[in-house]
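Undergrad: generate a structure from the sequence data that follows.
(2 chains)
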Amino acid sequence: AAGVIQSPRHLIKEKRETATLKCYPIPRHDTVYWYQQGPGQDPQFLISFYEKMQSDKGSIPDRFSAQQFSDYHSELNMSSLELGDSALYFCASSLGWDSQSTTNYGYTFGSGTRLTVV
Amino acid sequence: AQTVTQSQPEMSVQEAETVTLSCTYDTSESDYYLFWYKQPPSRQMILVIRQEAYKQQNATENRFSVNFQKAAKSFSLKISDSQLGDAAMYFCAYRSGSNAGNMLTFGGGTRLMVKP
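TA: From the prediction side, this is the model:
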């Protein structure tokens, strides 16, 4: 079965550079979530999109922005990178916005993009 | 805001034995979902088991079961017949059931080591 695809798997950037992370949800899934997991930490919710509209916002820095496109893939854009942005960035997808649909149809994580800022 | 607490940073179990990982949470909601996720060294987040708060029966998935105590806001994971492949980081997670957003709130994680 198709899973959530994230690219790239690994990314190395220098301070003050920009980075773009991509997430391709499971086919038919219309909701995408982004999480950030720092070294030795639990994942923290950043932002989510439903039907190409931002649905919720968590602890996402102002230097970051994201969007969801017509094919439901999503991109997380990160500018003015700092050393503290080094983390594993997860994308997850689900079908439907209501909690019952999400439960019925699943909430699946991608393998993550490991961003290292040097 | 909801919080999830895992008080055991590390746990160790002998292969074939049983281990219980603890999780407590704080919420004012009555409708919610609780999850245990496994994160092996590959860093993939893998769903282990799910519990709906409105269900009194504890969820079970093969060797994995939970002890859900809603009044105590406790949600522990029991792994029976532990296998070497169970070694991983385990995260307890909470999700609101109120359609207010489907983001997950994670606990700090418990690293499980399995000894042969």
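
Undergrad: least trustworthy helix or strand in chain A by mean pLDDT?
TA: helix A:99-105 (a mean of 63; mean pLDDT, DSSP states H and E).

Undergrad: would you mind identifying the next helix or strand past that helix?
TA: strand A:107-109 (DSSP states H and E).

Undergrad: what residues are up against residue 41?
TA: Let's take chain A. B:Gly108 (C-beta atoms under 8 Å, 6 or more residues apart in numbering or on different chains). C-beta coordinates here come from the backbone N, C-alpha and C atoms, glycine included.

Undergrad: that's the wrong chain, I meant chain B
TA: Neighbours of B:Pro41 in contact, by C-beta under 8 Å, 6+ apart: B:Ala88.

Undergrad: helix, strand, or coil at it?
TA: Per DSSP: H, G, I helix; E, B strand; the rest coil, the secondary structure class of B:Pro41 is coil.

Undergrad: if I look at it, how far off is A:Thr116?
TA: Per C-beta to C-beta, to the nearest Å, B:Pro41 is found 17 Å from A:Thr116.

Undergrad: backbone dihedrals for A:Gln37, please?
TA: Backbone torsions of A:Gln37, given as degrees, to the nearest 10, read phi -120, psi 100.

Undergrad: count of neighbours near it?
TA: Neighbour count for A:Gln37, taken as other C-beta atoms under 10 Å in any protein chain shown: 21.

Undergrad: hmm, B:Ala53 and B:Gly97 touching each other?
TA: Yes: using C-beta atoms under 8 Å, B:Gly97 is in contact with B:Ala53, at 6.8 Å.

Undergrad: can you pull the residues that touch both of those two?
TA: The contact sets of B:Gly97 and B:Ala53 overlap at B:31-33 (C-beta under 8 Å, 6+ apart).

Undergrad: which of these fall within strands?
TA: Judged by DSSP state E, those include B:32-33 as members of strands.

Undergrad: filter the shared contacts of B:Gly97 and B:Ala53 to the buried ones?
TA: B:32-33 (16 or more other C-beta atoms under 10 Å in any protein chain shown).

Undergrad: which of the shared contacts of B:Gly97 and B:Ala53 has the weakest pLDDT?
TA: pLDDT is lowest at B:Asp31 among these; the value there is 88.

Undergrad: grab the nearest non-local neighbour of it.
TA: Spatial nearest neighbour of B:Asp31, chain neighbours left out: B:Gly97 (3.6 Å); criterion: C-beta to C-beta, 6 or more residues apart in numbering or on different chains.

Undergrad: for the one you found, list the residues it contacts.
TA: B:Gly97 makes contact with A:99, B:29, B:31-33, B:52-54 under the criterion C-beta under 8 Å, 6+ apart.

Undergrad: select, from these, the two members most distant in space.
TA: Farthest apart among the contacts of B:Gly97 by C-beta to C-beta are B:Glu29 and B:Glu52. That separation is 12.6 Å.
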